[in-house]
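S.K.: Generate a structure from the sequence data that follows.
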Amino acid sequence: KLEDKNVNISYRDYKEFSEYFTILSEEEIQKGKIFGALTEEERIEAFLKGQSDDWVAFKEEWDFKRDIYSEILSTAKKEVEKNRPEKNDAILILGEGGLGKSVLLKRLAYDLYKAGTPVLILQSYSSFFDYKLIEKFCEDVNRADTDEDKTEGESEAQQITHKVAIILDNAAANVDNIKKILTYLKNHSRPAVIICAARLNEWAHALSQWGYRDIIPNKNTFRIPPKMNGLEVMRLLKHLGKILHRQDFSTNEVFWMEKAVKDYDMDFFAMIYSLLDPARRRLDDIIWDEYQKLPSEPTKRAYEYVCLFYQYDMPLNKDLIVNALNNEFGYSYADFTEEICEREAKSLIIGLENNFRETALYRAKSKIIAQKIVEKLFNPSNSKDRKKLFERYKKVLLGVKALNKTEVSIARALLILYLGPNGIDRKKIDDEQLIELYDSLLDHDVEDSSILHHYGILESDRGDFKKAEYLLNYSLQTIEKYGGFGFGSEHENYV
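M.R.: Residues are numbered from 1 along each chain as shown. Okay, the predicted model is just below:
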């Protein structure tokens, strides 16, 4: 059930859709996440801290709309109104970490949905999307519910009026997919608009690696300012005071404004997180204290694993976490669930809901928190820390199973987009360490054409052309063997 119509989707199709994206529907909005006996104020705080993915937050307007939001929403509505496929385009929201891009995307998704626009939300951690499934959903939502709904003499093409909004966070990791999805849908006469968000440095890096320039027009690109201005700070204080029933936030304006400048540096996320803290501490102090108070080494290690991946917007599945904990501490699935997730790190390691997923996925409360934890624990300029970082990644990757698409996708994104030879964070580990990570996958029969291709690039850059040739040929053979499965359609460039 969508906002303005029912869409008939078979159970088999719905299950297949759920591997790649979430359909925003009444069922999805009402589902929410159950927090036991929490009060409304506690649920609001859980949402503001990133512990909840509950859509009720947007229905009840617990989120704070940044100053730039109305302009972005207006542009999105105009793009939706251009419901011809040749008008397919994208909207990009850029900004540093902690500015509220992800929440803003969900607010856009909710408001467009309530206005009658079909919305699907792509899994941002995936590096492979099934374009045919996206196209099929676009077809389903534009099919008349019954024969009586059809206007006499009207062709099927004429009946298509709904432009689908496709939401994609962490767009830098899928810059190639943005262009290809729009082209694919245009060629199949399916109207759609992609609304995406990315960090500034990651987006610039991705464009340079792919050789793209004007993939999204300037008129559809919005930059969130790194700092709030005074008026926006006051709006935020009034908003928090209203939903949390804290009159002091809106009455003692001079005090809070001075604190926003001195202690929180006019930073959006830092202000929200710190104002929810009883002692009003700085963000860095709060999240480090949360880590240090974890009562056991296995729980700290599990949190480290989750943060190492979620800093890149990649949740980690239970199998990979438990396998790493089992090898080091002898922990079982029950130990992880009962001791870590349900007790010791209940507020820090957040499970993601999906009824069709083979195994549960876990994330940190936010990407910026994960990033700050990693930066505190692993200084890339310190050789011991670099080695420790490498060892953490290796322990997780040793559990990747060749037939598990989610695990291979996570490994692929890590070893290509972030730590790979042309990755955003390439300098965080040494060449020898990166080679060992690649080999740890190959030793466990993980044959992925894209991973092999980038391993070959690394060896070519190092001057080992014989090994590079072997790896690139191995990559081509893998494409032939598995029908081209790999990172997008990058294999077209291999020959």
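S.K.: Show me the strands in the stretch 151-300 of the chain, by range?
M.R.: 164-168, 192-198, 221-223 (DSSP state E, counting those that start in this stretch).
S.K.: Tyr110: which of the ones you listed is closest?
M.R.: strand 164-168 (10.1 Å; CB to CB). Where C-beta positions appear, they are placed from N, C-alpha and C, glycine not excepted.
S.K.: In the sheet, which strands lie alongside the closest one, parallel or antiparallel?
M.R.: strand 119-122 (parallel), strand 192-198 (parallel) (DSSP bridges).
S.K.: Going by neighbour count, which residues in that strand are buried?
M.R.: 164-168 (16 or more other CB atoms under 10 Å).
S.K.: Which single one of those is nearest to Asp111?
M.R.: Ala165 (10.1 Å).
S.K.: still on that earlier bit, I'd like the strands of the stretch 151-300 of the chain written out as a markdown table, with mean pLDDT and distance to Gly463 added.
M.R.: Output for the strands of the stretch 151-300 of the chain, formatted as a markdown table (pLDDT from 0 to 100; distance: least, CB to CB, whole Å):
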| stretch | mean pLDDT | distance to Gly463 |
| --- | --- | --- |
| strand 164-168 | 96 | 38 |
| strand 192-198 | 95 | 34 |
| strand 221-223 | 96 | 40 |
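S.K.: could you give the mean pLDDT of stretch 446-458?
M.R.: For stretch 446-458, mean pLDDT rounds to 94.
S.K.: gap between that stretch and the chain center?
M.R.: Centroid displacement of stretch 446-458 relative to its chain, using CA atoms, centre = their mean, to the nearest Å, is 23 Å.
S.K.: Would you mind putting the CA coordinates of it into PDB?
M.R.: Extracted C-alpha coordinates of stretch 446-458, given in PDB (Å, rounded to 0.1, in the frame of the first residue of the first chain):
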ATOM      1  CA  VAL A 446      36.500 -15.800  -3.300                       C
ATOM      2  CA  GLU A 447      36.800 -15.200  -7.100                       C
ATOM      3  CA  ASP A 448      35.500 -11.700  -7.900                       C
ATOM      4  CA  SER A 449      36.500 -10.100 -11.200                       C
ATOM      5  CA  SER A 450      36.600  -6.600  -9.800                       C
ATOM      6  CA  ILE A 451      38.800  -7.500  -6.800                       C
ATOM      7  CA  LEU A 452      41.100  -9.400  -9.000                       C
ATOM      8  CA  HIS A 453      41.300  -6.500 -11.400                       C
ATOM      9  CA  HIS A 454      42.300  -4.000  -8.800                       C
ATOM     10  CA  TYR A 455      44.800  -6.500  -7.300                       C
ATOM     11  CA  GLY A 456      46.300  -6.500 -10.800                       C
ATOM     12  CA  ILE A 457      46.400  -2.700 -10.800                       C
ATOM     13  CA  LEU A 458      48.200  -2.700  -7.500                       C
END
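S.K.: residue ranges of the helices in the stretch 101-250 of the chain, please?
M.R.: Ranges of helices within the stretch 101-250 of the chain are 101-114, 131-141, 156-159, 175-187, 200-210, 230-244, 247-251, based on DSSP state H, counting those that start in this stretch.
S.K.: just checking, Lys467 touches Ile457?
M.R.: No. Using CB atoms under 8 Å, Lys467 is not in contact with Ile457; the gap is 11.5 Å.
S.K.: about what we covered before: among the buried residues of strand 164-168, which one lies nearest to Lys427?
M.R.: The closest of the buried residues of strand 164-168, once distances to Lys427 are taken by CB to CB, is Leu168, at 27.0 Å.
S.K.: For the closest one, which non-adjacent residue is spatially closest?
M.R.: Cys196 (4.1 Å; CB to CB, 6 or more residues apart in numbering).
S.K.: if I read this right, that neighbour contacts Ala173, doesn't it?
M.R.: No. Counting by CB under 8 Å, Cys196 stays clear of Ala173, with 10.4 Å between them.
S.K.: on that earlier part again, adding mean neighbour count as columns, could you present the strands paired with strand 164-168 in TSV?
M.R.: Output for the strands paired with strand 164-168, formatted as TSV (neighbours: other CB atoms under 10 Å):
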stretch	mean neighbour count
strand 119-122	22
strand 192-198	27
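S.K.: Among those strands, which comes closest to Leu73?
M.R.: strand 192-198 (10.0 Å).
S.K.: got the contact list for the closest one?
M.R.: Strand 192-198 is contacted by residues 76, 79-80, 85, 88-95, 101-102, 104-105, 108-109, 134, 138, 163-172, 178, 181-182, 185, 206 when judged by CB atoms under 8 Å, 6 or more residues apart in numbering.
S.K.: Could you turn the buried ones of those residues into a PyMOL selection?
M.R.: Entered in PyMOL, the line below selects the buried ones among those, by 16+ other CB under 10 Å:
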select buried, resi 76+79+80+85+88+89+90+91+92+93+94+95+101+102+104+105+108+109+134+138+163+164+165+166+167+168+169+170+171+172+178+181+182+185+206
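S.K.: Between the helices of the stretch 101-250 of the chain, which one is closest to Lys394.
M.R.: Among the helices of the stretch 101-250 of the chain, helix 200-210 sits nearest to Lys394 (CB to CB), with 23.9 Å.
S.K.: could you say what helices and strands that closest one packs with?
M.R.: strand 89-94, helix 175-187 (3 or more CB pairs under 8 Å, 6 or more residues apart in numbering; DSSP states H and E).
S.K.: Can you say which of the ones you listed is nearest to Lys293?
M.R.: Using CB to CB, the nearest of the helices and strands packed on helix 200-210 to Lys293 is strand 89-94, at 34.3 Å.
S.K.: so what strands line up beside the closest one?
M.R.: Partners of strand 89-94 in its sheet, by DSSP bridges: strand 192-198 (parallel), strand 221-223 (parallel).
S.K.: ok, so what distance separates Tyr113 from His162?
M.R.: For Tyr113, the distance to His162 (CB to CB, to the nearest Å) stands at 12 Å.
S.K.: quick one: average pLDDT of stretch 93-109?
M.R.: According to the model, stretch 93-109 has a mean pLDDT of 94.
S.K.: before we move on, what about stretch 71-85?
M.R.: Mean predicted confidence for stretch 71-85 is 93.
S.K.: which residues sit against it?
M.R.: 87, 89, 91, 93, 104, 108, 111-112, 115, 117, 160-163, 165, 185-186, 188-193, 195, 219-220, 222.
S.K.: Run through who's touching stretch 362-381.
M.R.: Identification of contacts with stretch 362-381 by CB under 8 Å, 6+ apart yields 49-51, 97-98, 102, 269, 283-284, 287-288, 291, 303-304, 306-313, 315-318, 321, 341, 347-352, 385-386, 388-389, 427-428.
S.K.: And the pLDDT for Gly483?
M.R.: Reading off the model, Gly483 has pLDDT 66.
S.K.: Kindly report the same for Ala144.
M.R.: pLDDT for Ala144: 53.
S.K.: just the one 5 residues further on next, same as before
M.R.: Listed pLDDT for Asp149 reads 51.
S.K.: Repeat that for the one 4 residues further on.
M.R.: Model confidence at Gly153, given as pLDDT, is 53.
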